[in-house]
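Engineer: 3D, please:
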Amino acid sequence: MKLLHFLLSIPVLLITVSFAVSNSREMPFSLWPFPYEAVLPVSFAVLIMALLFFILGGAYAWVLSIPVRNERFQQAKKIKELSKKLADLEELSKNNGEKENA
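Structural biologist: Residues are numbered from 1 along each chain as shown. Okay, the predicted model is just below:
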């Protein structure tokens with residue numbers, strides 16, 4: 001798995017560096033109601049937006065997985081409860097078997 005991660009990370013890194021170097025021209029960015037203006041390289045602005053949407057996508061996937069994680073938690077709780085009942089029944093059966101043999 002680490003090898004796959006490494007093999008996928010190298011091309012992404014090379015493409016990102018190539019994009020940043022190729023788009024070094026500066027461009028003014030402003031937000032309408034505010035009088036401030038930032039002059040940033042185009043590549044910086046695009047990479048910041050990509051990072052923002054990557055984080056938002058991860059948060060969206062995390063929120064969608066909440067019901068699945070909750071169900072998994074409930075199933076683990078039920079498994080633990082049933083395992084305890086099974087152990088109790090095995091102990092009871094073992095004790096009854098010893099009484100019959102005596």
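Engineer: where exactly do the helices run in the chain?
Structural biologist: Along the chain, counting by DSSP state H, helices occupy 2-22, 42-64, 66-101.
Engineer: quick one: which of these is nearest residue 29?
Structural biologist: Smallest distance to residue 29 across those (C-beta to C-beta): 6.2 Å, for helix 42-64. The C-beta positions use only the backbone N, C-alpha and C, and glycine is treated the same way.
Engineer: what inclination does that closest one have with respect to helix 2-22?
Structural biologist: 140 degrees (axes from the mean of the first three to the mean of the last three C-alpha atoms, to 10 degrees).
Engineer: what helices or strands is helix 42-64 leaning on?
Structural biologist: Counting contacts by 3 or more C-beta pairs under 8 Å, 6 or more residues apart in numbering; DSSP states H and E, helix 42-64 packs against helix 2-22, strand 26-30.
Engineer: many thanks, have a good one.
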